[in-house]
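Peer 1: Using only what follows, build the 3D model:
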Amino acid sequence: MSDSETFALTSPAEGPVALNQSWLGSDRLLEWIIACQSDPATGTAYLGGTAEGVRAELEGLDQDWTDTVRVVTVQGQPVAACAVEWDEEPATAWIQGPWGSEDAVETWGEPLMAAMVEQLPAEITTLEICGEVRNSAMADLADRLGWQPTEVNHAMVLPVEAARSVVKELGSVLSTVTVRDVLEDDLPSLAHLHESEFPDAYATTSQLLTRHLTVVTTQDEQVLGYASGQIQDDGQAYIDFTAVDPAARRRGLGRTLILALTGRLVETADPDRLTHVHLTVQEEKTSARALYESVGFRTDVSLRGYRGPRPLD
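Peer 2: A predicted model of the protein is given here:
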């Protein structure tokens with residue numbers, strides 16, 4: 001994007017404002033976004049809270065964030081901004097932001113959302129934002145847009161040293177349960193489990209084979225349970241999905257899968273960057289939360305997403 005390129009937004013309160021993209025010629029915009037991310041009231045859950053993490057995750061988005069970002073400036077300083085990432089396979093776009101104060105998001109949130117939609121390919125049908133439950137500006141914006149809130153999810157963390165320690169119990173467990181990497185032949189039974197447990201997931205079943213590290217336990221060539229995760233661009237390990245077939249529960253498979261995937265993620269990650277293993281769990285899934293706590297995970301923050309359809313042209 002050229003430094004001289006501008007975009008115009010219109011706010012009912014302030015009229016047209018030029019979005020000067022010369023901010024992209026320096027680190028000033030990134031520093032401002034990092035500051036927003038450090039405050040639960042102004043950050044997005046899609047990015048971390050550390051400077052290194054925010055930089056790495058923005059750079060790792062599927063679309064170049066410096067091409068998709070739109071920034072509102074007042075007297076030469078940013079007051080609100082958004083960027084966007086999308087994936088045609090789940091037909092979903094994830095809005096990075098909106099960043100800014102509560103007043104700024106109230107004024108510029110809807111015009112910024114419209115600026116994000118303008119960039120999306122026709123295949124994208126669903127939009128999503130996510131933040132800490134204390135981000136009232138995001139909640140109010142979603143309400144004005146008519147988007148539906150998701151259930152509260154608790155982000156839990158396990159320090160890497162604790163992860164290495166707890167994985168040691170796998171040796172005795174694996175004498176009675178077989179856990180292996182997922183195979184393409186597992187796709188049909190994996191799809192049944194993944195799509196029933198996570199019908200609106202940001203990752204499709206096929207992406208669990210291509211973009212994620214996924215382990216399964218099987219019986220008679222049927223997947224009884226799986227755990228799937230990845231190393232994010234900030235160098236941290238994330239457990240994204242875990243599920244066990246209802247008929248196979250209460251046999252310790254969930255714990256075994258969590259331990260196995262944790263071990264694989266720790267092995268795969270850069271030891272100089274990895275500090276924690278992360279996961280999120282829905283508030284209503286109290287049994288799952290108890291399982292994760294028994295492994296050593298502790299709640300870090302509580303998050304809520306907001307999802308809505310792409311506006312009609």
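Peer 1: So which elements touch the strand or helix carrying Leu29?
Peer 2: Assigned by DSSP states H and E, Leu29 falls within helix 28-37. Other elements packing on helix 28-37 under the criterion 3 or more CB pairs under 8 Å, 6 or more residues apart in numbering; DSSP states H and E are helix 51-59, strand 77-87, strand 92-100. For every residue, glycine as well, the C-beta is placed using N, CA and C.
Peer 1: can you rerun that using 6 Å?
Peer 2: Where contact means 3 or more CB pairs under 6 Å, 6 or more residues apart in numbering; DSSP states H and E, helix 28-37 is packed against helix 51-59.
Peer 1: Would you mind identifying the next helix or strand past the helix it packs on?
Peer 2: helix 65-68.
Peer 1: Can you list the low-confidence ranges for the stretch 201-313 of the chain?
Peer 2: 313 (pLDDT under 70).
Peer 1: where do the strands sit along it?
Peer 2: Applying DSSP state E, counting those that start in this stretch to the stretch 201-313 of the chain gives strands spanning 213-219, 222-231, 237-244, 276-282, 298-309.
Peer 1: could you redo these as TSV and give each row distance to Thr125?
Peer 2: What follows is the strands of the stretch 201-313 of the chain, written out as TSV (distance: least, CB to CB, whole Å):
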stretch	distance to Thr125
strand 213-219	26
strand 222-231	24
strand 237-244	22
strand 276-282	23
strand 298-309	6
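Peer 1: picking up where we left off before, buried sites along the helix holding Leu29?
Peer 2: 29-30, 32-34, 36-37 (16 or more other CB atoms under 10 Å).
Peer 1: any chance of those in CSV, plus distance to Leu209 and pLDDT?
Peer 2: Listed next are those as CSV, based on distance: CB to CB, whole Å; pLDDT from 0 to 100:
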residue, distance to Leu209, pLDDT
Leu29, 36, 89
Leu30, 34, 91
Trp32, 38, 93
Ile33, 33, 94
Ile34, 34, 94
Cys36, 35, 96
Gln37, 31, 95
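Peer 1: which among these gets closest to Val74?
Peer 2: Trp32 (12.5 Å; CB to CB).
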